[in-house]
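> Output the structure for:
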Amino acid sequence: ERFYDNLSNLSEKKQNGHKVGWLNWKSPSEYQSMTYSQSGFELKNTSGRTATIWLSKIGDIPIRYHRSIPDNADIKEVTLKKETTGEWYVTFGLEVEDTTLPEKPAVDDVDVEDCVGLNLGIQNYIYTSDGNSVDWLDLSDEYERLRREQRNLSRKEHGSNNWEKQRRGVAKIKRRIKRRVEDFQHKLTTWLVTTYDAVFVEDLNVSGMLQQRGNARNKQDAAWRGFIEMLEYKGDLYGTHVVQVDPAGTTKECAECGVETDKPLWVREHSCPSCGFEADRDANASYNVLSRGLQELGLGQAESTPVETATAVETDGGQSSSVPVSRVVETGSLGA
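Now for the predicted structure:
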């Protein structure tokens, strides 16, 4: 099935004018997963945190639950995957009735004051139009350890037992980095969709941004595309409108008068030469995202103008607040 899917994709690209080659042969060590669709599997002995999965042509395999399968769910697909760390995981594709999911409020019922615009920034992970900012996740220790372990791997004889053992060690560090980022994103997106009626975010071309020179690894660490996709599906789960807006010019355009002003990345303050409006660069961009999102939903403008609300991050008692990333990771809520 996968083989013919790949052939169909190549054929479609060729018909659209793309230059395509042939499918590459994969060695057994590169083919790391297999899927049972509809049949050929049975889940048994589901007591506590352990169970047994029976697979056709393989037999019984003991498994340990990450979380229990809901009673009202039907298992439609089972996928076995070997991670780069050497561990095996089984993933269940479930069919669950979604009647309990909350409905999104009608656009006319959305309170403009409960909408927020997000700027995905450089100095902060996000900056919201109501003055909150969330710090970047600090992965410096993990990356320093990864560099050390990769240097050790380069000194091993490729394919030897010591090389394989070291390779798995490197894979475990990479997995820890990935899991920390995903955990941070899950908690941040859950807070956003449970706090606001509508969340507006820039529709970024992340793959194009990574091809640009400079700061590419930070952009990859941010995993902005994954963050946006996570935000969208959680909006469906919690009944929140999530709208992507055109990101072009959000940092250049003045949120008060609309005049565009070019400024390099190192300039972190917005100062409009036309109307004199001043704000933090990321704050100004978040106001523009909010404005475009409201227009996308047909709600017009927020009652409070950027002049009334926009300030750079201030000390206690000011209108804006900077939230350390540790509070997101430890509590899962910016309001805790």
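> Now do the SS call for residue 157.
Here residue 157 is coil, with the state taken from DSSP: H, G, I helix; E, B strand; the rest coil.
> neighbours of the spatially closest residue to it that is not a sequence neighbour, just the number please.
Spatial nearest neighbour of residue 157, chain neighbours left out: residue 163 (5.8 Å); criterion: CB to CB, 6 or more residues apart in numbering. (Glycine included, C-beta is placed from N, CA and C.) For residue 163, the neighbour count with other CB atoms under 10 Å is 16.
> Can you give me the distance of residue 163 to residue 154?
Plainly put, residue 163 is 10 Å away from residue 154 if you go by CB to CB, to the nearest Å.
> do residue 165 as well
From residue 165 over to residue 154 (counting by CB to CB), the distance is 14 Å.
> for residue 6, same thing?
Using CB to CB, residue 6 is found at 33 Å from residue 154.
> again, but for residue 262
To residue 154, residue 262 is 43 Å away according to CB to CB.
> more neighbours, the two?
Comparing residue 262 with residue 154 by other CB under 10 Å, the one with more neighbours is residue 154, at 10 against 7.
> quick one: low-confidence parts of this structure?
Where the chain drops to pLDDT under 70, the residues are 98-100, 205-222, 300-336.
> which stretch of helix or strand covers the residue minimising distance to the centre of the chain?
The structure's the chain has its C-alpha centroid closest to residue 227; by CA atoms, centre = their mean the separation is 2.1 Å. Using DSSP states H and E, residue 227 falls within helix 224-238.
> buried ones in stretch 57-71?
Under the neighbour-count criterion of 16 or more other CB atoms under 10 Å, stretch 57-71 has residue 63 buried.
> Please export the C-alpha coordinates of it as PDB.
Taking Å, rounded to 0.1, in the frame of the first residue of the first chain, the C-alpha atoms of stretch 57-71 are listed here in PDB:
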ATOM      1  CA  LYS A  57       1.900 -13.600  11.600                       C
ATOM      2  CA  ILE A  58       3.700 -12.400  14.800                       C
ATOM      3  CA  GLY A  59       1.800 -13.400  17.900                       C
ATOM      4  CA  ASP A  60       1.300 -12.000  21.300                       C
ATOM      5  CA  ILE A  61       3.300  -8.900  22.400                       C
ATOM      6  CA  PRO A  62       3.200  -7.500  25.900                       C
ATOM      7  CA  ILE A  63       2.700  -3.700  25.900                       C
ATOM      8  CA  ARG A  64       2.700  -0.900  28.500                       C
ATOM      9  CA  TYR A  65       0.100   1.800  28.200                       C
ATOM     10  CA  HIS A  66       1.000   5.500  27.900                       C
ATOM     11  CA  ARG A  67      -2.700   6.100  28.600                       C
ATOM     12  CA  SER A  68      -5.700   3.900  28.600                       C
ATOM     13  CA  ILE A  69      -7.900   3.400  25.500                       C
ATOM     14  CA  PRO A  70     -11.400   5.000  26.000                       C
ATOM     15  CA  ASP A  71     -14.200   2.500  26.500                       C
END
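> what's the helix or strand hosting residue 286 packed up against?
Using DSSP H and E, residue 286 sits within helix 281-297. On a contact count with 3 or more CB pairs under 8 Å, 6 or more residues apart in numbering; DSSP states H and E, helix 281-297 meets strand 115-120, strand 126-128, strand 198-202, strand 241-245, strand 269-271, helix 306-309.
> at 6 Å what do you get?
Judged by 3 or more CB pairs under 6 Å, 6 or more residues apart in numbering; DSSP states H and E, the packing partners of helix 281-297 are strand 115-120, strand 126-128, strand 198-202, strand 241-245.
> okay, these in TSV with mean neighbour count next?
Converted to TSV, the helices and strands packed on helix 281-297 look like this (neighbours: other CB atoms under 10 Å):
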stretch	mean neighbour count
strand 115-120	25
strand 126-128	25
strand 198-202	25
strand 241-245	20
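> can you tell which of those strands is closest to residue 18?
Nearest to residue 18 among those is strand 241-245 (26.2 Å), distances taken as CB to CB.
> Would you mind pulling up the elements that the closest one packs against?
In terms of contacts (3+ CB pairs under 6 Å, 6+ apart), strand 241-245 is packed against strand 198-202, helix 224-238, helix 281-297.
> Out of those, which gets nearest to residue 86?
The closest of the helices and strands packed on strand 241-245 to residue 86 is helix 224-238. By CB to CB, the value is 24.7 Å.
> Alpha carbons of that closest one, in PDB - could you do that?
In PDB, the C-alpha atoms belonging to helix 224-238 read as follows (Å, rounded to 0.1, in the frame of the first residue of the first chain):
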ATOM      1  CA  TRP A 224       6.400  27.200  14.700                       C
ATOM      2  CA  ARG A 225       4.600  25.100  12.100                       C
ATOM      3  CA  GLY A 226       4.000  22.300  14.700                       C
ATOM      4  CA  PHE A 227       2.900  25.000  17.200                       C
ATOM      5  CA  ILE A 228       0.300  26.500  14.700                       C
ATOM      6  CA  GLU A 229      -1.100  23.000  13.800                       C
ATOM      7  CA  MET A 230      -1.400  22.100  17.500                       C
ATOM      8  CA  LEU A 231      -3.200  25.400  18.100                       C
ATOM      9  CA  GLU A 232      -5.600  24.700  15.300                       C
ATOM     10  CA  TYR A 233      -6.700  21.200  16.400                       C
ATOM     11  CA  LYS A 234      -6.900  22.300  20.000                       C
ATOM     12  CA  GLY A 235      -9.200  25.100  18.900                       C
ATOM     13  CA  ASP A 236     -11.500  22.400  17.600                       C
ATOM     14  CA  LEU A 237     -11.300  20.400  20.800                       C
ATOM     15  CA  TYR A 238     -12.000  23.400  23.100                       C
END
